[in-house]
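S.K.: predicted model, plus sequence, below.
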Amino acid sequence: MASSRLERIGTIYTRVEGLLTRGAMKPDDRPLWFDVYKAFPPITEPKFARPKPEIKPIRPILYKEDAVRVKFHSNGHGLGAVNMMNPTSETHTKKLLQEYEILKNEGVPEHELIEKSAAIVQNERNIERQEVAKVKITSKNKEVSTPQTLAEADLKNIFKDN
């Protein structure tokens, strides 16, 4: 017996159901999926002898901005980290596309559109980074203790209630 042909006789569900009804398997030993399969059976039963489904070719789905995205990413623009915790933040590629459309409507030549829109978005990124750095610096400065504050501290009464 090199191989078993049991998969051709019935589905795994019918075989487990048969074991349960005949007492060969205890109801406590049934698989976790059995009750789910019984409650929500598939539309078409997964049999071995079922004919293969017709293979339909996948339609290419392309949008107008996909060509612009290709240009951006092939030049190395738009490859930045995305903050997934902030639902209002936009991806760098989306910002690039918005700037691209604005510049296109203004009449900027086609060969300059990508570089100019990438430069604008890069400047915005730099400004955001500087703002974040300023916030970090100011928050760190508040916690820094200077010799003057240490001299003024009353260590004997620090834990007493006021």
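M.R.: Yep, it's here.

S.K.: tell me where the longest helix sits in this protein.
M.R.: Identified as the longest helix of the chain according to DSSP state H is helix 110-143.

S.K.: in that helix, what counts as buried?
M.R.: Going by neighbour count (16 or more other Cβ atoms under 10 Å), the buried part of helix 110-143 is Leu113, Ile114, Ser117, Ala118, Ile120, Val121. Any C-beta I mention is one placed from the backbone N, CA and C, and that applies to glycine too.

S.K.: ok, now stretch 54-68?
M.R.: Neighbour-count burial for stretch 54-68, counted by 16+ other Cβ under 10 Å, picks out Val68.

S.K.: and if you look at stretch 36-49?
M.R.: In terms of neighbour count (16+ other Cβ under 10 Å), stretch 36-49 has its buried residues at Tyr37.

S.K.: how close does Ala24 get to Gly18?
M.R.: 8 Å (Cβ to Cβ, to the nearest Å).

S.K.: coming back round to it: between the buried residues of helix 110-143, which sits nearest His77?
M.R.: Using Cβ to Cβ, Ala118 comes nearest to His77 of the buried residues of helix 110-143, at 4.2 Å.

S.K.: which residues touch the closest one?
M.R.: Taking Cβ atoms under 8 Å, 6 or more residues apart in numbering, we find Ala118 in contact with Phe72, Asn75, His77, Gly78, Leu96.

S.K.: in helices only, show me these.
M.R.: Phe72, Leu96.

S.K.: who wins for neighbours among the contacts of Ala118?
M.R.: Neighbour tally across the contacts of Ala118 (other Cβ atoms under 10 Å): the maximum, 25 neighbours, falls on Leu96.
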